[in-house]
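Enquirer: the sequence isn't on hand, but the structure is:
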Ligand SMILES: Nc1ncnc2c1ncn2[C@@H]1O[C@H](COP(=O)(O)OP(=O)(O)OP(=O)(O)O)[C@@H](O)[C@H]1O
């Protein structure tokens, strides 16, 4: 039995569907990612899983339990991240850990959790004085304090600097290694690609694709990226007809061409260049990234380019 089951979930606000028939399952031990542009319905979906919102229709189960009807039991299985507004600014780290421990019959040892999350030095620091990364680590500690089987982490690394983000990724991997399943909502492609076993790409309230990161990349058209600066002008139309070509873009500054295609396209591009006696300067052939797949799988007007979709669209 999957640990989380969501089937044909629907939720509308004021008649406007936010989640419009979402289905997925999360197996025990997975890091399962929910990825999508702003307003796609990610938070609404996970809040239905957490029992914080009541679905209009569809089925949601956590370890076979209904998150709304069996809310108390579900909170013992599912750890949720703290919202910043939930903690008093003057509360110290130690007080927060003790307070949250008191919510559970058999809480985890908060001292060990604090040690594992690098918070031991900060036990007497007030919440308001913690850095962004420390607040996130405290939020993870509080999500784990009830000894959950699954933890929901929503936009965990948004606003963190690259080092704090990488530290948090390591923590997420350690959480999974300790046997806790992770449901991760993220805007960051690199994060999803590095951490998740499987990803549901949600777009406009629906699952646009559900696969492993590499499966999503393969599925998107143009899984091989060829880029080069031609020694003289090359008409992109000549490239468009080559086998496997999915898209072509030109950098207006230096005329560098980028072709998304297949392995077959690589050979065809090289043959074409040779035939026209054109040298390809700084020729690079690489695999497409999850970024490329994401843009291909989601509607273009809601999917700005770049790795930080939230930042890019703000
Ligand atoms: N309480 C609410 N009342 C009315 N509309 C809402 C409410 N919560 C969410 N919405 C709308 O539902 C849609 C989906 O929102 P949701 O927060 O689930 O998306 P999201 O994918 O998590 O977005 P983001 O990445 O921007 O956080 C959006 O159009 C949003 O404006």
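Expert: Ah, there it is. Everything numeric here is computed off the predicted structure, so don't read it as measured data.
Enquirer: need the pLDDT of the closest residue to residue 240 other than its chain neighbours.
Expert: Spatial nearest neighbour of residue 240, excluding adjacent residues (CB to CB, 6 or more residues apart in numbering): residue 248 at 6.2 Å. In short, each C-beta sits where N, CA and C put it, glycine included. Residue 248 carries a pLDDT value of 88.
Enquirer: how near is residue 248 to residue 263?
Expert: 17 Å (CB to CB, to the nearest Å).
Enquirer: residues contacting the nearest residue to residue 197 once chain neighbours are set aside?
Expert: Using CB to CB, 6+ apart and skipping residues adjacent in sequence, the residue nearest residue 197 is residue 30, 4.7 Å away. When contacts are counted by CB atoms under 8 Å, 6 or more residues apart in numbering, residue 30 touches 176, 181-182, 197-198.
Enquirer: again, only using 7 Å
Expert: 181, 197-198 (CB atoms under 7 Å, 6 or more residues apart in numbering).
Enquirer: and what of residue 208?
Expert: 201-202, 297-298.
Enquirer: quick one on the thing from earlier: number of residues surrounding the residue nearest to residue 240?
Expert: Residue 248 has 18 neighbouring residues, counting by other CB atoms under 10 Å.
Enquirer: going forward, begin numbering at 486 instead of 1
Expert: Right, with 486 as the first residue, what we last looked at is residue 733.
Enquirer: give me phi/psi at it?
Expert: Dihedral pair for residue 733: phi -140, psi 140, per degrees, to the nearest 10.
Enquirer: pretty sure it contacts residue 726?
Expert: No: checked against CB atoms under 7 Å, the pair residue 733 and residue 726 is beyond contact range at 10.7 Å.
Enquirer: show me the contacts for residue 679.
Expert: By CB under 7 Å, 6+ apart, the neighbours of residue 679 are residue 654.
Enquirer: hmm, the host helix or strand of it touching the ligand?
Expert: Using DSSP states H and E, residue 679 maps to helix 674-680. No: with CB under 6 Å from any ligand atom as the criterion, the ligand is not reached by helix 674-680; the gap is at least 13.2 Å.
Enquirer: list the buried residues for that helix?
Expert: 674-678, 680 (16 or more other CB atoms under 10 Å).
Enquirer: next one: stretch 651-666
Expert: Neighbour counts over stretch 651-666 (16+ other CB under 10 Å) mark 652-654, 656-657, 660-661, 665-666 as buried.
Enquirer: closest one to residue 579 out of these, please.
Expert: residue 656 (19.7 Å; CB to CB).
Enquirer: so the closest one sits in a helix?
Expert: Yes: with DSSP: H, G, I helix; E, B strand; the rest coil as the criterion, residue 656 is part of a helix.
Enquirer: now the helix or strand hosting residue 751, how far from the centre of its chain.
Expert: For residue 751, the host element (DSSP H and E) is helix 748-760. Using CA atoms, centre = their mean, to the nearest Å, the mean C-alpha position of helix 748-760 is found 35 Å from that of the whole chain.
Enquirer: domain map for this protein?
Expert: What the record gives for the chain is the domain set 489-702, 706-772, from automatic domain parsing.
Enquirer: follow-up on the earlier one: now go through the contacts of residue 693 and say which are in strands.
Expert: Counted as lying in strands by DSSP state E, out of the contacts of residue 693, are 686-687.
Enquirer: buried members of the contacts of residue 693 into PyMOL, please.
Expert: Command for PyMOL that selects the buried part of the contacts of residue 693, burial taken from 16+ other CB under 10 Å:
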select buried, resi 686+687+782+783
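Enquirer: ok, so of the contacts of residue 693, who is nearest residue 539?
Expert: For these, the nearest to residue 539 is residue 687 (19.3 Å; CB to CB).
Enquirer: so that closest one sits against residue 523, correct?
Expert: No: using CB under 7 Å, residue 687 makes no contact with residue 523, being 11.3 Å away.
Enquirer: give me the residue at the spatial middle of this structure.
Expert: residue 671 (3.0 Å; CA atoms, centre = their mean).
Enquirer: how much space is there between that residue and the ligand?
Expert: Taking CB to the nearest ligand atom, to the nearest Å as the measure, residue 671 falls 9 Å from the ligand.
Enquirer: identify the bridge partners of that residue.
Expert: Residue 671 forms beta bridges with residue 520, as assigned by DSSP bridges.
Enquirer: tell me where the stretch 636-785 of the chain has strands.
Expert: Here the stretch 636-785 of the chain has its strands, by DSSP state E, counting those that start in this stretch, at 666-671, 683-688, 691-696, 709-715, 732-735, 742-746, 765-772.
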